[in-house]
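Peer 1: turn this into a structure:
(2 chains)
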Amino acid sequence: TQLLEQSPQFLSIQEGENLTVYCNSSSVFSSLQWYRQEPGEGPVLLVTVVTGGEVKKLKRLTFQFGDARKDSSLHITAAQPGDTGLYLCAGMNRDDKIIFGKGTRLHILP
Amino acid sequence: NAGVMQNPRHLVRRRGQEARLRCSPMKGHSHVYWYRQLPEEGLKFMVYLQKENIIDESGMPKERFSAEFPKEGPSILRIQQVVRGDSAAYFCASSPGTSGPPNFGPGTRLTVT
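Peer 2: Next up is the predicted model:
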């Protein structure tokens, strides 16, 4: 059974601080996605990473895919209250099945 | 290009009734996924369908739950004889297949009273 473990589960930090959340698995994925979910809404795709070692940047967000394509990280620089939300990582296997981690609930304090 | 549509957004059913959740994928998308989410938790995979075919239903309970994606019309997730434990948010996602990750709909929040 493929599993994605996200850490930390909860994170509350002050505005302006930096943070990193992690997504780890013992399985190899053909690609990995990061989503952000607001209360009462569906997840919104932030990024897809495909190549081992790949780094993608989205404004203050930096996403990295591990060399072995088993893990990923999301780094946020100078966090803002608008970054508050649930961040979900999801791995896609060769059969196009997508498995989600349980998410990191991020709260940025103004 | 409209996104993934789900209806109803909220559904209340009494124990023992049937719940039908509908999902219209994005235009050109032939792959549909259904996920279930309990409060404060991540998304749990239920089923993956392509037009007229169930590809993977390993996350679907063997009883009372069924899903279809007909040649014409939306994908339907059907829950028969609902119980209180079925109360959750059910999300549908669609993708064009191997060329891209899925996009999610806004979800249907099912409450069983």
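Peer 1: strand partners (parallel or antiparallel) of the one helix or strand in chain A whose mean pLDDT sits lowest?
Peer 2: Ranked by mean pLDDT, DSSP states H and E, the weakest helix or strand in chain A is strand A:98-100, scoring a mean of 88. Strand A:98-100 has the following strand partners under DSSP bridges: strand A:85-92 (antiparallel).
Peer 1: how about the residues of chain A near chain B?
Peer 2: Residues of chain A lying close to chain B (C-beta under 8 Å from any C-beta of the partner chain) are A:6, A:31, A:33, A:35, A:41-45, A:48, A:88, A:90, A:92, A:95-103, A:105. C-beta coordinates here come from the backbone N, C-alpha and C atoms, glycine included.
Peer 1: mark which of those are buried, thanks.
Peer 2: A:6, A:31, A:33, A:35, A:41-43, A:45, A:48, A:88, A:90, A:92, A:96-103, A:105 (16 or more other C-beta atoms under 10 Å in any protein chain shown).
Peer 1: what residue is smack in the middle of chain B?
Peer 2: Chain B has B:Trp34 as the residue nearest its centroid, 3.8 Å off, counting by C-alpha atoms, centre = their mean.
Peer 1: what's the first helix or strand after the helix or strand containing that one?
Peer 2: Secondary-structure assignment from DSSP states H and E places B:Trp34 in strand B:31-37. Moving toward the C-terminus from strand B:31-37, the first helix or strand encountered (DSSP H and E) is strand B:43-50.
Peer 1: is any residue of that following strand near chain A?
Peer 2: Yes. With C-beta under 8 Å from any C-beta as the criterion, chain A is reached by strand B:43-50 at B:43-45, B:48.
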